[in-house]
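In: Dropping the sequence and predicted coords here.
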There are 2 protein chains.
Amino acid sequence: MSVATVSYVLNNVANQTIPDETKCRVLDAAKQLNYVPNLAARSLVKQKSGLIGILINRSENEGFWKQHRYASFINRLERLLTDRGYHVVLFSLDAANPKLDIISERKLDGVFVVDVKRENFHLISSHFSVGVPLILIDSIIEDSLFYKVNYDYEEAFALSGASSQLNQSYVVIDSFNNAELIQSIRSSIGIDPSLFHMMEDEERLERFLEQNAEKTGIVLNEFIGSIAAKYVNAAKLTVICTADCPDILPAAVTRIQYDNRKSEEAFQLMMKLIDDPMNGPEHKYIDVKASHSE
Amino acid sequence: MSVATVSYVLNNVANQTIPDETKCRVLDAAKQLNYVPNLAARSLVKQKSGLIGILINRSENEGFWKQHRYASFINRLERLLTDRGYHVVLFSLDAANPKLDIISERKLDGVFVVDVKRENFHLISSHFSVGVPLILIDSIIEDSLFYKVNYDYEEAFALSGASSQLNQSYVVIDSFNNAELIQSIRSSIGIDPSLFHMMEDEERLERFLEQNAEKTGIVLNEFIGSIAAKYVNAAKLTVICTADCPDILPAAVTRIQYDNRKSEEAFQLMMKLIDDPMNGPEHKYIDVKASHSE
DNA sequence: TTGAAAGCGCTAACAC
DNA sequence: GTGTTAGCGCTTTCAA
């Protein structure tokens, strides 16, 4: 009995015919000895780590709406990946100065990078000379190599009625690191600047809301929505539930929901890219559509 | 120039005196070639993976208060660990049937397991024959080997006034997998069963609150607190902020806060155990004290 | 059907 | 001060 035979049995190697008896002996012994493979060693020879990274740009002293906005996303994505046999490395980046060595050091099989500043993108892409599947989340960056998964904000605003009844409602959006995303959202509504607010802190939001209390409001991110609901009539609020946590909102709020579609789509795309890195979808932007609104 | 010399330079090996010139040559070449060490290979020889696991027991269809209650904890803990040079593997367990092979497969250097059912504890401990530092979070399990980090609920209830004015207030607690923790919280207040409610879903909570609307209330977990605030006067509510997200609550709510102390203490303990696994603190239960209340 | 052996990238003991 | 080498645990080619 040699190491090779054992490896064959334990991995169910295809074109090796092994008599049931040997098979059993190996399996029994493995059970007896409480054997578990060492994935570091396997990684080394297979040149695949079985690790997927979720790298999230964060800043110091983030408000709770930022702290929690990716909790559902991470949660769901981790489960999907785990179910497929991958292990998930969670890593937060300093948005101003992201350290990305983890990608090559750990030989990650795939990477999600969330909320990327365009200024730092060259840094990121330089870590991908090797061709690891990379998916950007909540980021708009003109680059033909990498995929980006974002919500379809244009659709969301259409559903919310913001676009049809222009300047009848105000809009509050989440504060992203990626300035291009903010710009794109802004121009997709074509709203009057005085009716547009990017969340900074509660006081400023409060002041903004005071000035527009009589209008209806559209808010991105239900945690910000829950703050807004403290200051305005919930019935006049529509929240685009980008944090997949609609239940946090008062019942009267109108919701546009995604039911974790962003994690699903990001996951599906990643699996496709890992299977066949050369043949991903042609279009590099995936726009996640709302699943329902009420 | 040999591999060894290179390794010495790159790792700043202590008792190897290397002339600055050689040092520079190596460092330059490394930069030129964009060298990054392969941590899988290093793990293999060092017998240390540099990975810390955060394993969280989850169930299907968890309410948002459960989904988000560990977001701040994970967030903070990940940053602390990253700053110390560890990488974090996030892994959710099926609370009913946790698969723990990841611990030995990845040779995790340390593991946090969150909200453990006692019934499954033998399973967990069997994965630690090797002596990996293991810290249980939000779990009470009589076992002399492993550390447990929990909030000091007794102190929290004392601060809230629940214990002094017995049966003047009702109490709503979070739903944990660990039944012993629930039991311990319950008996630490010694409250009348009719005034004690464990969160199951919003409807049941609503009914419970209706019956006690005139009393003051003490609630564990600010997400549950934010639901409660929909049904009762916020000024009559004290929330024990176990999710480290006090800002989500209406201003009128009284808060008992921890400022991420649970992650800090869990982290400190882990570092101590990794340094010297034999000489951890004598007492196996760490009770996290409130940092302030208002 | 099985086994011997090379080698993944790295570290550390030891010889020079 | 530097190089040689064994070996971490595993997979896989090739020969028997």
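Out: Everything's here; your move. Residues are numbered from 1 along each chain as shown, chains lettered A, B, ... in the order given.

In: tell me which element A:Ile52 is part of?
Out: If you go by DSSP states H and E, A:Ile52 is part of strand A:51-58.

In: Make sure A:Arg186 is indeed in a strand.
Out: No: counting by DSSP: H, G, I helix; E, B strand; the rest coil, A:Arg186 is not found in a strand; it is helix.

In: Of all the residues in the strand holding A:Ile52, which ones are buried?
Out: With burial defined by 16 or more other Cβ atoms under 10 Å in any protein chain shown, the residues of strand A:51-58 counted as buried are A:51-58. To be clear about C-beta, it is placed using only N, CA and C from the backbone, and glycine gets the same treatment.

In: got JSON lines for these, with pLDDT too?
Out: JSON lines is the format used below for those (pLDDT from 0 to 100):
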{"residue": "A:Leu51", "pLDDT": "98"}
{"residue": "A:Ile52", "pLDDT": "98"}
{"residue": "A:Gly53", "pLDDT": "98"}
{"residue": "A:Ile54", "pLDDT": "98"}
{"residue": "A:Leu55", "pLDDT": "97"}
{"residue": "A:Ile56", "pLDDT": "97"}
{"residue": "A:Asn57", "pLDDT": "96"}
{"residue": "A:Arg58", "pLDDT": "95"}
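
In: of those, closest to DNA strand C?
Out: Nearest to DNA strand C out of the buried residues of strand A:51-58 is A:Leu51 (Cβ to the nearest atom of the strand; 15.3 Å).

In: where does the stretch 1-150 of chain A dip in pLDDT?
Out: Counting by pLDDT under 70, the ranges of the stretch 1-150 of chain A that qualify are A:129-130.

In: do that again at 50, thanks
Out: For the stretch 1-150 of chain A, no stretch is flagged by pLDDT under 50.

In: what does it put close to DNA strand D?
Out: Residues of the stretch 1-150 of chain A lying close to DNA strand D by Cβ under 7 Å from any atom of the strand are A:3-4, A:7-8, A:10-11, A:13, A:36-38, A:41-42, A:44-46.

In: what about the strands in chain A?
Out: Assigned by DSSP state E, the strands in chain A fall at A:51-58, A:87-94, A:110-114, A:134-137, A:147-151, A:169-173, A:196-198, A:216-220, A:237-240, A:254-257, A:285-288, A:292-293.

In: Please name the nearest non-neighbouring residue to A:Met271.
Out: In space, and not counting its chain neighbours, A:Met271 is closest to A:Arg84: 6.8 Å by Cβ to Cβ, 6 or more residues apart in numbering or on different chains.

In: Quick check: that neighbour vs DNA strand D, distance?
Out: 18 Å (Cβ to the nearest atom of the strand, to the nearest Å).

In: was I right about that residue contacting A:Gln268?
Out: No: applying Cβ atoms under 8 Å, one finds A:Arg84 not in contact with A:Gln268, separated by 10.8 Å.

In: From DNA strand C, how far out is A:Thr254?
Out: Relative to DNA strand C, and taking Cβ to the nearest atom of the strand, A:Thr254 is found at 54 Å.

In: beta partners for that residue?
Out: A:Thr238 (DSSP bridges).

In: A:Val26 contacts A:Ser7, doesn't it?
Out: No: the pair A:Val26 / A:Ser7 is not scored as a contact, 9.4 Å apart, by Cβ under 8 Å.

In: Between these two, which is the more surrounded one?
Out: It is A:Val26, of A:Val26 and A:Ser7, that has more neighbours when counted by other Cβ atoms under 10 Å in any protein chain shown, with 19 against 14.

In: give the contact list for the nearest residue to that one once chain neighbours are set aside.
Out: Spatial nearest neighbour of A:Val26, excluding adjacent residues (Cβ to Cβ, 6+ apart): A:Val9 at 4.1 Å. Shown in contact with A:Val9 (Cβ atoms under 8 Å, 6 or more residues apart in numbering or on different chains): A:18, A:22-23, A:26-27.
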